[in-house]
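Asker: Sharing a model prediction with you, sequence too.
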Amino acid sequence: MRALLDYLNTCCLSESQLLFRCGLTPERLEALQREGRAPLPSYRLRCAGAVTSFFGEHALEGELAWYPQAMAEWLIAAEHADAAALRAHFERRYRAELARLTEQGLAVEPAGGLDEEWAHFLAGTYGVCTRHGRVEQIAAKGAMVALIDRLTERQARVSLPAPELALLRRAVDLLDEVEAWFAPHERAASSRARCVDGVRRRYLGGGA
């Protein structure tokens with residue numbers, strides 16, 4: 001529990017921190033989420049226990065929530081746009097990042113379409129698997145996982161020629177930059193473990 005809380009408090013914003021930064025009430029945040037204008041929490045922690053102090057022991061029960069760091073920036077925009085405009089804004093930023101990666105010889109279209117990516121964004125998924133939850137990180141993360149899997153055939157290839165190894169190294173390094181570290185209980189099953197740590201060990205001569 002301590003390791004999880006340390007991770008969440010270091011890498012994410014608690015709901016109370018988020019509301020304070022944006023000057024919103026909990027009710028307003030819930031309304032934006034219902035309207036499809038803001039993502040749900042990336043992490044929810046249901047708590048049931050007791051607190052002990054000078055005044056004795058008291059039972060506690062409730063739920064705590066955490067969001068990615070970029071959620072504050074998104075909420076400010078969400079206050080001034082409807083769901084359709086926000087979806088279009090998401091797509092523009094997403095496609096612009098793919099275009100930038102294409103110019104660098106790195107882009108591979110992610111497996112899911114934009115509708116699927118938007119749905120994952122609103123569900124809070126990308127606060128779990130990207131460093132800050134920014135749209136550009138979401139696009140880069142999906143593209144780099146797809147490129148790494150294509151080059152290595154999901155690590156089924158025994159070896160790669162030098163030009164492909166150079167491209168693989170660039171893809172892994174970028175994925176390392178944009179991807180989350182993941183909470184302790186998630187790391188072993190994460191795309192970081194498979195596509196960064198595992199690929200470096202198998203193909204790039206590096207430790208995890």
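Answerer: Noted; the coordinates are in hand. Residues are numbered from 1 along each chain as shown.
Asker: Let me know the pLDDT of G49.
Answerer: We have a pLDDT of 79 for G49.
Asker: Wasn't it part of a helix?
Answerer: No: secondary structure of G49 (DSSP: H, G, I helix; E, B strand; the rest coil): strand, not part of a helix.
Asker: residue contacts, it?
Answerer: Listed by Cβ atoms under 8 Å, 6 or more residues apart in numbering, the contact set of G49 reads 59-60. From N, CA and C alone the C-beta is placed, and that goes for glycine too.
Asker: what's the longest helix anywhere in the chain in contact with?
Answerer: Among the segments of the chain that qualify as a helix by DSSP state H, the longest is helix 83-103. With contact meaning Cβ under 8 Å, 6+ apart, helix 83-103 is reached by 35-37, 77-78, 81, 107, 109, 114, 117-118, 121, 135-136, 138-140, 143.
Asker: Just the buried ones from the residues you listed, in ChimeraX syntax?
Answerer: In ChimeraX, a selection of the buried entries from the contacts of helix 83-103 looks like this (16 or more other Cβ atoms under 10 Å):
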select :36,37,78,107,117,118,121,135,136,138,139,140,143
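Asker: my read: R170 touches L106, true?
Answerer: Yes: when contacts are counted by Cβ atoms under 8 Å, R170 is listed as touching L106 (6.3 Å).
Asker: Low-confidence stretches in this structure?
Answerer: 111, 207-208 (pLDDT under 70).
Asker: mind listing what the lengthiest strand in it pairs with, with the direction of each?
Answerer: Criterion DSSP state E: the longest strand present in the chain is strand 56-68. Using DSSP bridges, the strands paired with strand 56-68 in its sheet are strand 12-14 (antiparallel), strand 43-53 (antiparallel).
Asker: Could you say which helix or strand holds G112?
Answerer: Under the criterion DSSP states H and E, no helix or strand holds G112.
Asker: in terms of contact, does it touch G142 like I think?
Answerer: Yes: look at G112 against G142 with Cβ under 8 Å: they come within range, at 7.1 Å.
Asker: When those two are compared, which one has more neighbours?
Answerer: Ranked by neighbour count (other Cβ atoms under 10 Å), G112 and G142 place G142 first, with 27 against 13.
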